[in-house]
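> What follows is a predicted structure for the sequence shown.
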Amino acid sequence: MSNQSLDKTKDVPIYYQLYLILKEKIENGVYPENSTIPSESEIQNMYNVSRITVRRAITDLENDGYVKKKKGVGAIVLKRKKYRDLFEFKSYSDEAIEKGEIPGNIIIACKEVEASVRVSEMLGIEPGDKVCYLKRLRLRNGRVTALHETYISLEFGFRITNEDFDATTSLYEFYEEHGIELGYANETIEVKMPNHNLRTEMFMTQNEPIFYRERITYDVHGKPIEFSQNNNKAEQYRYALHMVKNKK
């Protein structure tokens, strides 16, 4: 729909053609984030369509996360979520930098703790064995977007302390500096509602869903390095999957 016009002779529904035009304008920045798109009556006049057609197109834009209708204001353009490819695991910092954003950390805890039964199962160690526990608020452009808790195996001969690990340190780069070659990671994802304590820790003013991710990261020999429990604000992510049919 690059010509920004409607073709009423096509089999494609008019509301969908209008949806594509408005979506393209949002994606191209004609209607920037936090601005309002034209009113229903303005869109009616611009494209010579019915109010019902306009409402259907705007409703679909809202359902797809492009706008949010607010009474007395209009349809506000939302911040676009960042796509994340699940076939390549990256550090939080790398993900942010690739999107042109500035990563940041606030270290809440960096200490040795005894592994719980669950942590020991994930890292292939005995319950009660010592692990390094790292708890960090993750930031993008100065805004808190996630809370990550990481349990790091001490089986690799190094420890993480406040003396050699600070808010600017990349954990994956730290591993590589200590001779660990990263191999692969297994990750599970679910959407959940945060409890009061988590909302407080993440400075969330509204009760909104989060992406909860658990990840086990392995070295090239298949030995577990870390187990992480990551809470990410859902507004920051949209996950993209590539799937193929199993040909049997």
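Okay, I see it.
> Any chance you could list what contacts stretch 190-202?
Applying C-beta atoms under 8 Å, 6 or more residues apart in numbering, the contact partners of stretch 190-202 are 137, 144, 146-147, 204, 207, 209-212, 231, 233-234. C-beta here means a position set from N, CA and C on the backbone, and glycine is covered the same way.
> Make a markdown table from the residues you listed and add distance to residue 44 and pLDDT to it.
Output for the contacts of stretch 190-202, formatted as a markdown table (distance: C-beta to C-beta, whole Å; pLDDT from 0 to 100):
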| residue | distance to residue 44 | pLDDT |
| --- | --- | --- |
| 137 | 46 | 94 |
| 144 | 41 | 90 |
| 146 | 42 | 92 |
| 147 | 45 | 95 |
| 204 | 38 | 90 |
| 207 | 36 | 83 |
| 209 | 35 | 88 |
| 210 | 39 | 91 |
| 211 | 38 | 89 |
| 212 | 43 | 93 |
| 231 | 43 | 94 |
| 233 | 36 | 88 |
| 234 | 34 | 80 |
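> and this structure, what are its domains?
14-77, 82-240 (automatic domain parsing).
> Okay, helices next: where are they in the protein?
Assigned by DSSP state H, the helices in the chain fall at 14-27, 40-47, 51-63, 92-98, 117-123, 171-177, 196-201.
> want to throw the ones you listed into TSV with mean pLDDT, distance to residue 164 and mean neighbour count?
Output for these, formatted as TSV (pLDDT from 0 to 100; distance: least, C-beta to C-beta, whole Å; neighbours: other C-beta atoms under 10 Å):
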stretch	mean pLDDT	distance to residue 164	mean neighbour count
helix 14-27	90	44	19
helix 40-47	93	58	15
helix 51-63	91	48	17
helix 92-98	67	17	18
helix 117-123	94	21	17
helix 171-177	88	8	16
helix 196-201	92	25	12
